[in-house]
Each structure stands twice: as C-alpha cells, then as structure tokens.
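Trainee: Sharing a sequence plus its predicted fold:
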Amino acid sequence: MIQTEEVFMNILQLEREINDADFNTRIEASRTIGNLIASKELKRVQLQEVNNHVHTTYSFSPYEPAAAAYAAWKAGLGIVGSIDHDSIGAADEMLVASQNLGIASTVGFELRVSFLDTALGNRKINNPDSQGIVYMCVHGVPQQKIAEVSAFLEPIHVQRNLRNKAQVEHLQSLVGTYGFDLDFERDVVPLSHAAQGGSITERHILFAMANQCIGMFGKGEKLVRFLQKDLQLPLSQTVQSFLLDEKNPHYAYDLLGVFKSNFLSRFFIQPTRDECPDVRDVVSFGNSIGAIPAYAYLGDVKESVTGDKKQEKFEDDYLVELMDLLADIGYPAITYMPPRNTLSQMQRLQNLAKERGMMEISGVDINSSRQSMNCPELLQSCCSHLVASAWALVAHEKLATCDPILGLFHPSNPLAALSLDQRLERYAEMGKKMDSRHPLDIIKYFD
C-alpha cells in the first residue's frame with residue numbers, strides 16, 4: 001500500500017508523540033498507531049527475532065516505554081521486554097502500549113546483588129566494576145505484582161542516590177577546572193524518571209556531563225579539540241568522525257561513551273550492601289511473586305564481539321562451581337546475550353543449564369539510540385531455542401497474571417510433572433497463539 005504524503009507526515013508526528021515527555025500523549029499515540037496497524041495502513045515485515053531486555057527512560061535509554069514498544073514493533077520483533085536497572089517503573093506503560101500496538105510484551109527488572117557471603121564473594125563474577133557484586137534480572141513479573149516490586153526497590157533507590165550525589169561531587173572535583181559545573185539535583189535528576197520510580201545511573205551522570213560539554217563547546221571541531229588537547233582523551237578514528245559530524249543524531253550518546261570509557265573508573269564509588277541486597281533475598285523475593293529470577297552470564301572477554309568490553313576474565317574458569325551455587329540458591333533461570341559470547345561459551349553454558357534444569361532466557365540490552373533492536377544471532381542453530389523460550393516467558397507472565405499457580409515454576413502448576421523442556425514447549429505454543437491485543441485471553445489455551 002502506497003502511503004500518501006499526508007499519511008506519511010501523520011506517522012512521523014505520531015512517532016514523535018509516542019516518545020513525548022507526557023505520559024498521556026505517549027499512550028494516545030500508541031493507540032492511534034495501533035489503529036493504523038490494525039487497519040493495515042501501517043505495515044512491517046514480521047521477523048522471528050525477539051528482545052526481552054530493552055532499557056527505557058526508567059533507567060537509561062532514549063526510549064520512553066511506549067516508544068520502546070513501537071521501535072521493537074517497527075524492527076519486526078515478535079516480543080519486546082522492558083528491563084530497567086533497579087526499577088520496574090516502565091512496566092505499566094509497556095504493557096498498555098504493547099497491547100495497543102499488537103506486540104507481545106514482558107516486563108521485569110535488573111539489579112546488582114551481593115554474593116559477598118557466598119563462596120565466590122572474593123571473585124569478579126559478572127560485574128566489571130566490583131568483586132562479589134553480581135548483575136541479575138527478574139523476568140516475567142505478573143502484572144498484579146508490579147506495585148510490590150516497586151516497594152521492594154524503593155530502599156535501593158534511596159541508597160543509590162546517596163552514592164550518585166557523592167559520585168557527581170567527585171566527578172566535579174575532577175573536571176571543574178575545565179569549566180564544568182555539575183550538580184546532582186539540578187543537572188542529573190531531571191534526566192531521569194526518579195519521581196515516577198525510575199532509577200538514576202552513572203550513565204545519567206555522564207549524559208549530564210556530555211550535555212554541558214556540548215553547551216560549552218558546541219558540536220564539532222572545537223569540542224573534539226577540547227577532548228584531545230585539554231582532557232587528553234584518546235579518540236578512535238570512528239568516534240572522532242562521529243563527533244566531528246555536527247548533524248550526528250546520536251551525538252550526546254557518542255560523547256557519553258567517550259566519557260564512560262575515560263571517567264567512570266575515576267569517579268565510581270563502590271556500592272554498599274544497603275544498595276546491593278543479598279542474592280538469596282532477591283531470588284527468594286522473585287520466586288515468591290511468581291517471577292523468574294535469572295543470573296546474567298557475561299563470560300570471559302577475549303576479543304569483545306560488540307567492541308565495548310576490554311579483555312578481562314570473569315566467570316568461565318569457575319563456571320561449574322558458579323552454576324552449582326546458583327542452583328543451590330534457587331535460581332530457576334540464566335540469561336545471556338548471544339552477540340556478546342562465542343559459540344563455545346554459549347554451548348558450555350547451555351549444557352550446564354540443562355544439567356541443572358534451568359531455563360535459558362535471552363536479550364540484548366538496548367540503552368543507546370545508536371543500537372539496533374534486532375538480534376539476528378538468535379536465529380543461529382545454537383540459539384534458536386531461545387526464541388521459543390521467550391514465547392514461553394511471555395506465556396508464563398500472562399498466565400501467572402491470570403492465576404499465580406499457572407506460573408512456569410509454581411509447585412502446584414497442573415503441568416509440574418512434565419520436564420522443564422516439555423513445559424517450555426507447551427508454554428511457547430500458548431504464547432505464539434496469544435492475541436497480543438488481548439493477552440490475558442491466553443488462559444483459554446491452558447489445558
């Protein structure tokens with residue numbers, strides 16, 4: 001169908017509105033776009049790809065939740081999942097917008113937990129910044145448990161923001177002599193959704209620094225000269241070309257990347273136990289609300305597949321010991337990102353997970369405007385089962401919203417006698433049959 005110029009301009013306006021600062025404007029835009037999709041006035045190429053790990057403005061991202069759902073739909077994804085650091089504030093909007101657009105959705109959160117009181121407490125496990133502190137996700141949160149998750153995370157926000165304020169002050173002490181004037185409340189907090197339950201991360205701090213730098217020097221040659229001659233920062237030819245391009249739509253994000261590479265370690269303050277609760281408590285909480293806690297595998301970085309990690313050792317040398325510990329703690333799942341790992345790393349992890357009866361969940365974290373929503377690596381033979389697993393995750397979340405005992409891992413689940421692989425297959429079938437505009441109607445497929 002050939003779009004008229006008027007329709008095309010209308011869609012462009014709606015694409016701006018779905019990422020508007022106003023919540024009601026975003027929801028209305030998602031409803032209008034959804035009507036265009038339903039009438040086939042707006043079409044896409046449907047792919048097999050999915051992504052369960054898209055960040056939103058509730059942690060750090062260029063996407064409001066509704067815009068993230070639309071970007072995923074536009075990219076051809078079958079599923080979009082919101083995951084934010086220390087926050088589930090995006091969940092309600094993600095669910096509503098996805099239903100309006102007709103794309104399957106799942107919601108959860110990511111946080112750092114303490115392994116300090118485990119046998120691996122003195123190791124750098126999957127966190128480049130800290131020993132004994134681990135990143136994990138809690139996927140598939142039933143809708144009726146979102147408020148309970150928000151309450152669980154609130155004390156973590158308080159502690160993190162105390163550290164954030166101290167980090168801003170430390171950073172300012174390093175760069176104030178160059179003309180920066182960074183203030184946590186004035187410059188950083190407004191970049192976040194903190195008032196609505198969003199978290200504030202180090203990326204927010206560096207984005208504020210990037211904005212000030214652009215304000216002082218503009219975009220282009222003068223700014224690049226400041227970075228190289230005054231701050232003595234190394235710039236690759238690629239990054240330099242990005243920053244010399246004054247029309248670069250990703251300019252602030254590219255500059256943030258430069259500052260992250262060169263300043264994060266200099267102002268980073270290690271989080272305390274108050275900010276990183278004990279892993280056992282978090283896994284227990286996730287299981288108690290019918291969600292799916294998942295350890296986030298990183299793996300040793302020899303040659304970074306994505307180019308954003310330096311060579312470094314993580315959990316591969318003691319992966320068997322770690323997987324045994326995860327099973328003992330009560331993790332029902334592991335999560336990993338196929339673009340970040342080698343084939344041999346993934347195959348080893350998959351075998352260890354299968355031996356321990358753990359679900360595998362995939363996702364590629366999206367937090368920059370330069371990133372693609374797509375993950376064609378999922379279509380490799382070694383990863384194709386992760387697509388079915390994603391549909392099972394969606395079915396789990398919707399069924400557990402209808403009735404808690406229908407969660408994949410609930411001990412009273414009528415399908416509990418089946419093997420995990422058999423349950424995942426059944427749930428994936430239901431997920432694929434589901435009408436994404438009426439997701440809770442999935443209950444009719446359960447037998």
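Mentor: Now that the structure is in, tell me what you want to look at.
Trainee: all strands for the chain, in order.
Mentor: With DSSP state E, the ranges of strands along the chain come out as 51-54, 79-85, 104-114, 133-139, 292-296, 333-336, 359-362.
Trainee: can you count the residues close to residue 412?
Mentor: The tally of other residues near residue 412 (other Cβ atoms under 10 Å) stands at 9. The C-beta positions use only the backbone N, C-alpha and C, and glycine is treated the same way.
Trainee: What of the one 5 residues further on?
Mentor: Other residues lying near residue 417 total 8 when counted by other Cβ under 10 Å.
Trainee: mind checking how far it is from residue 409?
Mentor: Separation of residue 417 from residue 409 (Cβ to Cβ, to the nearest Å) stands at 13 Å.
Trainee: circling back to that earlier point, out of the strands of the chain, which is closest to residue 402?
Mentor: Comparing the strands of the chain against residue 402 with Cβ to Cβ, the closest turns out to be strand 104-114 (14.8 Å).
Trainee: so what does the closest one touch, helix or strand wise?
Mentor: Judged by 3 or more Cβ pairs under 8 Å, 6 or more residues apart in numbering; DSSP states H and E, the packing partners of strand 104-114 are strand 51-54, strand 79-85, helix 91-101, strand 133-139, helix 146-175, helix 279-288, helix 385-402.
Trainee: So for it, mean pLDDT?
Mentor: Per-region confidence: strand 104-114 scores 98 on mean pLDDT.
Trainee: swap in stretch 328-337?
Mentor: 97.
Trainee: again, but for stretch 176-195
Mentor: Stretch 176-195 carries an average pLDDT of 97.
Trainee: List the contacts of it.
Mentor: The contact list for stretch 176-195 (Cβ atoms under 8 Å, 6 or more residues apart in numbering) reads 57-58, 87, 89, 157, 161, 164-165, 168-169, 171-172, 175, 198-200, 204-205, 207-209, 211-213, 216, 226, 230-231.
Trainee: distance between the ends of that stretch?
Mentor: Stretch 176-195 has an end-to-end distance of 28 Å (Cα to Cα, to the nearest Å).
Trainee: I'd guessed residue 427 sits against residue 395; true?
Mentor: Yes. Residue 427 is within contact range of residue 395, at 4.2 Å (criterion: Cβ atoms under 8 Å).
Trainee: before we move on, the earlier item: rebuild the strands of the chain as CSV, extending it with mean neighbour count.
Mentor: Output for these, formatted as CSV (neighbours: other Cβ atoms under 10 Å):
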stretch, mean neighbour count
strand 51-54, 26
strand 79-85, 28
strand 104-114, 26
strand 133-139, 25
strand 292-296, 26
strand 333-336, 25
strand 359-362, 24
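Trainee: Nearest to residue 443, out of those strands?
Mentor: Taking Cβ to Cβ, strand 104-114 is the member of the strands of the chain nearest to residue 443, at 15.4 Å.
Trainee: CA atoms of that closest one as PDB?
Mentor: Output of strand 104-114 as PDB, limited to C-alpha atoms (Å, rounded to 0.1, in the frame of the first residue of the first chain):
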ATOM      1  CA  ALA A 104       3.700  -9.400  22.700                       C
ATOM      2  CA  SER A 105       5.400  -8.000  25.800                       C
ATOM      3  CA  THR A 106       7.100  -9.000  29.000                       C
ATOM      4  CA  VAL A 107       8.300  -6.900  32.000                       C
ATOM      5  CA  GLY A 108      11.000  -7.200  34.700                       C
ATOM      6  CA  PHE A 109      13.900  -5.500  36.300                       C
ATOM      7  CA  GLU A 110      17.700  -5.700  36.700                       C
ATOM      8  CA  LEU A 111      19.700  -5.100  39.800                       C
ATOM      9  CA  ARG A 112      23.000  -5.700  41.400                       C
ATOM     10  CA  VAL A 113      23.100  -8.200  44.300                       C
ATOM     11  CA  SER A 114      25.700  -9.200  46.900                       C
END
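Trainee: What are the boundaries of the helices in this structure?
Mentor: Along the chain, the segments classed as helices by DSSP state H run 5-17, 23-38, 65-74, 91-101, 146-175, 202-217, 221-225, 237-244, 251-267, 279-288, 319-329, 343-355, 385-402, 420-433.
Trainee: and among those, the most buried is which?
Mentor: Counting by mean count of other Cβ atoms under 10 Å, helix 65-74 has the highest mean neighbour count of these, with a mean of 27.
Trainee: That one packs against which elements?
Mentor: Using 3+ Cβ pairs under 8 Å, 6+ apart: helix 65-74 touches helix 23-38, strand 51-54, strand 79-85, helix 91-101.
Trainee: Give me the packing partners of the third one, helices and strands only.
Mentor: What that stands for is strand 79-85. Looks like strand 79-85 contacts strand 51-54, helix 65-74, helix 91-101, strand 104-114, strand 133-139, helix 385-402 (3+ Cβ pairs under 8 Å, 6+ apart).
Trainee: Can I get these in JSON lines including distance to residue 370?
Mentor: Shown next, in JSON lines, are the helices and strands packed on strand 79-85 (distance: least, Cβ to Cβ, whole Å):
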{"stretch": "strand 51-54", "distance to residue 370": "14"}
{"stretch": "helix 65-74", "distance to residue 370": "13"}
{"stretch": "helix 91-101", "distance to residue 370": "22"}
{"stretch": "strand 104-114", "distance to residue 370": "21"}
{"stretch": "strand 133-139", "distance to residue 370": "22"}
{"stretch": "helix 385-402", "distance to residue 370": "24"}
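Trainee: Figure out which of the ones you listed is closest to residue 20.
Mentor: Of all those, helix 65-74 sits nearest to residue 20, with 8.7 Å by Cβ to Cβ.
Trainee: what sits up against that closest one?
Mentor: 15, 18-19, 26-27, 29-30, 33, 37, 44, 51, 54, 56-58, 61, 63, 79-80, 82, 90-91, 93-94, 96-98, 101-103, 105, 366, 373.
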